[in-house]
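Asks: I need the structure of the sequence given here:
(2 chains)
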Protein chains: 2
Amino acid sequence: MQNIHIEYFIKLLGKDNAYFDKAHLLAYSYDATRKKHLPDGVLFPRDESDVSKILKYCNDNQIIVIPRGAGSGFTGGSLAVNGGIILSFEKHMNKILEIDLENMVAVVQPGVINMDLQKVVEDHGLFYPPDPASQNYSTIGGNVSENAGGMRAAKYGITKDYIMALRAVLPNGDIIRAGKKTIKDVAGYNIAGILVASEGSLAIITEITLKLISKPKLVKTAMGVFNSVNDAMNAVYKTLASGVKPVAMEFLDSLSIQAVEKRFNKGLPTDAGAILITDVDGDIEEALINDLAKIEKLFKENGATKFTVAKDENERANLWFSRRNCSQAITCYGSLKLNEDITVPRSKLPSLLEKIAEISKKFRVTTPCFGHTGDGNVHTNVMVDKDDPEAVKRGYAAIEEIFKATIELGGTLSGEHGIGISKAPYMKLAFSDEEMNLFRAIKKAFDPNNILNPNKMGL
Amino acid sequence: MQNIHIEYFIKLLGKDNAYFDKAHLLAYSYDATRKKHLPDGVLFPRDESDVSKILKYCNDNQIIVIPRGAGSGFTGGSLAVNGGIILSFEKHMNKILEIDLENMVAVVQPGVINMDLQKVVEDHGLFYPPDPASQNYSTIGGNVSENAGGMRAAKYGITKDYIMALRAVLPNGDIIRAGKKTIKDVAGYNIAGILVASEGSLAIITEITLKLISKPKLVKTAMGVFNSVNDAMNAVYKTLASGVKPVAMEFLDSLSIQAVEKRFNKGLPTDAGAILITDVDGDIEEALINDLAKIEKLFKENGATKFTVAKDENERANLWFSRRNCSQAITCYGSLKLNEDITVPRSKLPSLLEKIAEISKKFRVTTPCFGHTGDGNVHTNVMVDKDDPEAVKRGYAAIEEIFKATIELGGTLSGEHGIGISKAPYMKLAFSDEEMNLFRAIKKAFDPNNILNPNKMGL
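Replies: Down below sits the predicted model:
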């Protein structure tokens, strides 16, 4: 980075908000992909006006800008793959600006941590459902940029379903607003609709207005035990098609169960082919009991050998601990985890899991699967030894075939992690040239100089 | 229209699917705004391939194309204000292609009528909630293009909340797909998100994949009677903020009540200042009774003088008939209805209605109001005599002040009707130059030759 630019940024923001030394650059060079790309600088804007000035300057000087939340993304969205300036919201733009009880709305800055928001709104008897696995550290800005999902998506939907309005800064420095604190707003194009999941490539989001709902008074958790993955997958979609609306319907295959037990010893059935963990919630005890009875019946009709309802908060916590720590536990199978969040229409789950088993066998890789089967999303982890180049090659070959199978089943490359750089090579499997051209035209409409998080998403 | 173009279209589609005679052009020259603009031709594509060929030809020859559903829009979105070809889906592209019970998804062509879809899915125990007042004739394609709302939006949201995937044709003839039959899909830009509410100005939607939900087994309807609009508006947002989730919370002011009674004599309380009609639904009788008890308590705490629950289907039907036929009944107040669907955050409803009353007084116009107060949407009707130019002028002046008040209260020009041509002059009240520039850049990204429904939405 040229000295003239460094001086501009330090003058604008002060030394404490503009880092250019190697140690700090290193700290912002990685994300959850474990890949590393050194940025040219790290800036901490104090407010929207700072963001606007930074973007205008960078646009005029063709400097790349990469917005960054917690750096917890799985696809490299916040990595400075071509250098440039990291824009971090963790220092200043991390405030909950308003909890509007009358309209059941929260207004937050992008750097607010998901769980912090959840806690604050729950203190008011309200509920912000999107709960990505990263909820303890990922930010709302990042959640919006990736359209994060979570465990509760089966009933409550995902981040985009809660966005009422955004403020954002365009690459040229223009400040725009999109949406209102209203349930409905059809004036002008749905800019919030295109900014969600745009992976920081169209505009920098500076304020987010989120819909809240009432907090359900009661929640109950149950576990179904199955001999095979196939039985469990059939149970998932038959249960959901029956009209029961579980909050979550999460799945662990036998490899995942065994890994969790080995590491944490929480009492999961290690001889099971698969388990399903499900939550139901509501305000009336009787309704929850009804729902669980229906789920038990449907699980058992589809081969569940056991169905247990967690007796207390401790048992609930144990089941959810097991699910939430799957990702960490399965590292026992290999030092490199190729972790994909493929998603199919839920009726295709049995076929997808069969296909994954075939592909694992073909490429001789271990592939523990778990995830949000309630919304058709299977976290598929191809585990290989990172120091064995031949195994790594086989791993990537397996991933490519898994993507192909997913697309053939009417599914998508990503249910919640986004494309970033990790999945960029596979975009051509999922999108036609015409579709990619449209993406590029949209990118250009927002960012004609291509300064904002360029070369991501296969663009 | 030049003969060479007419010959091309007739050769492509056959005489029965390409009209150029005056009588047919007249039939497609109007919509619910009662404004008339003669198109140059009306085409009935048989399939997506026809749409692609037509668009490519029109793009190459700079011919304007205007998609049209049922022509029931309130803002002139389907009017050929600058001539051009009307693309109608009513003849061929009007099929329900699939009801996928396993994934609870419907796949439809744009010309399917909303109510036809509702009936078919309800036969399967499923539910498609968006129910615009035009549900008996408006099409799903039109609903998507305008992001239609309806009575049930308070609980169930609006059209955009049900769109899982779209197929569409770009102005250059390229066919694109957006989204999947999956709850989650974050691969690539959210094209479906920007096409919804784009009023046919970005692409021609050729297929729509909609999320369905389980049909609630029970529904109950109640009416609260209030002495003043202000009491009713306070009751609305306090009830909603309490956590009860009514399906609908609809409002009629005294002018609306009197008009409905005069015309239909359904037994509404003509001495009331306002009434609220509310629906609750669910699968458990006890839960519905609980909800109604909570609503009754909150209504009465906010000045309701009476709260009655409809005893049977007949009483329910009568209440809803009154609400649904308001729009027609209030024509007794004037031969010209300036009908706006302004929407504010629901806590601002009391202020909005006060402001409307002031403005009505100032401009000496009669302004019956009713609508979807459960989502902050008030149908505000400035009624004047169309043959009295001075009154019409006062009417438009009142409308402009009502829009200004709405924006000041954090609201939007349109909750569900869109902008079209009717609200285009007011876009500058709601959007900055920077925002309008962004809209224009997006329009250009999709439609560089500006052939698709041009000169709408203030663009």
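Asks: please count neighbours and contacts with C-alpha atoms only from this point.
Replies: Will do.
Asks: so which bits of the stretch 301-450 of chain A are right by chain B?
Replies: A:343-347, A:375-377, A:410-419, A:432, A:434-435, A:438-439, A:441-442, A:444-446 (CA under 8 Å from any CA of the partner chain).
Asks: and if we set it to 7 Å?
Replies: Applying CA under 7 Å from any CA of the partner chain, we find that the stretch 301-450 of chain A lies next to chain B at A:343-347, A:375-376, A:410-416, A:418-419, A:434-435, A:439, A:441-442, A:445.
Asks: quick one: buried ones out of these?
Replies: A:343-347, A:375-376, A:411-416, A:418-419, A:435, A:439, A:441-442, A:445 (16 or more other CA atoms under 10 Å in any protein chain shown).
Asks: which of those residues fall in strands?
Replies: Residues of these located in strands (DSSP state E): A:Thr343.
Asks: now do the helix or strand hosting A:Asn143: distance to the chain's middle.
Replies: Using DSSP states H and E, A:Asn143 sits in helix A:140-146. Helix A:140-146 sits 8 Å away from the centroid of its parent chain (CA atoms, centre = their mean, to the nearest Å).
Asks: beyond it, next helix or strand please.
Replies: helix A:153-156.
Asks: other SSEs contacting that next one?
Replies: The contact analysis (3 or more CA pairs under 7 Å, 6 or more residues apart in numbering or on different chains; DSSP states H and E) places helix A:153-156 against strand A:248-253.
Asks: repeat that with 10 Å
Replies: Other helices and strands packing on helix A:153-156, by 3 or more CA pairs under 10 Å, 6 or more residues apart in numbering or on different chains; DSSP states H and E, are strand A:248-253, strand A:274-282.
Asks: please identify the most buried of these.
Replies: When these are scored by mean count of other CA atoms under 10 Å in any protein chain shown, the highest mean neighbour count falls to strand A:248-253 (a mean of 26).
Asks: neighbouring contacts of the next helix or strand along the chain from it?
Replies: Sequence-wise, the next helix or strand downstream of strand A:248-253 (DSSP H and E) is helix A:254-264. The contact list for helix A:254-264, computed with CA atoms under 10 Å, 6 or more residues apart in numbering or on different chains, reads A:226-229, A:251-252, A:265-275, A:318, A:321-333, A:366-370, A:381.
Asks: now with 8 Å?
Replies: For helix A:254-264, contacts defined as CA atoms under 8 Å, 6 or more residues apart in numbering or on different chains pick out A:266-275, A:322, A:325-326, A:329-330, A:332, A:367-370.
Asks: which ones are touching A:Cys326?
Replies: Counted by CA under 8 Å, 6+ apart, A:Cys326 has contacts A:Ser256, A:Ile257, A:Ala259, A:Val260, A:Phe370.
Asks: and the pLDDT for the second one?
Replies: To tie it back to what came earlier, the one meant is A:Ile257. Here the pLDDT value assigned to A:Ile257 is 97.
Asks: where's it relative to A:Leu319, distance?
Replies: 11 Å (CA to CA, to the nearest Å).
Asks: again, but for the third one
Replies: Note on A:Ala259: its distance to A:Leu319, by CA to CA, is 14 Å.
Asks: the more surrounded of the two?
Replies: Between A:Ala259 and A:Leu319, counted using other CA atoms under 10 Å in any protein chain shown, A:Ala259 has the larger neighbour count: 23 against 20.
Asks: distance of that one relative to A:Gly371?
Replies: 15 Å.
Asks: please apply the same query to A:Ala274.
Replies: Taken as CA to CA, the span from A:Ala274 to A:Gly371 is 12 Å.
Asks: strands of the stretch 301-450 of chain A, residue ranges please.
Replies: Taking DSSP state E, counting those that start in this stretch, the strands of the stretch 301-450 of chain A run over residues A:304-309, A:336-343, A:369-371, A:377-384.
Asks: just put those in CSV and tack on mean pLDDT.
Replies: Formatted as CSV, these follow (pLDDT from 0 to 100):
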stretch, mean pLDDT
strand A:304-309, 98
strand A:336-343, 94
strand A:369-371, 96
strand A:377-384, 96
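Asks: nearest to A:Ser145 among those strands would be which one?
Replies: A:Ser145 sits nearest to strand A:336-343 of all these, at 16.4 Å, using CA to CA.
Asks: okay, the residue lying closest to A:Ser422 once chain neighbours are set aside: pLDDT?
Replies: In space, A:Ser422 comes closest to A:Thr75 once its chain neighbours are excluded; the distance is 4.9 Å by CA to CA, 6 or more residues apart in numbering or on different chains. pLDDT, A:Thr75: 95.
Asks: and for the one 10 residues further on?
Replies: At A:Ile85, the model reports a pLDDT of 98.
Asks: for A:Gly243, same thing?
Replies: 82.
Asks: pretty sure it is touching B:Ser214, no?
Replies: Yes. The criterion here is CA atoms under 8 Å, and A:Gly243 meets it with B:Ser214 at 5.2 Å.
Asks: what's the spacing between the residue nearest to A:Asn143 when sequence neighbours are not counted and chain B?
Replies: Excluding the flanking residues, the one nearest A:Asn143 by CA to CA, 6+ apart is A:Thr159, at 6.7 Å. To chain B, A:Thr159 is 10 Å away according to CA to the nearest CA, to the nearest Å.
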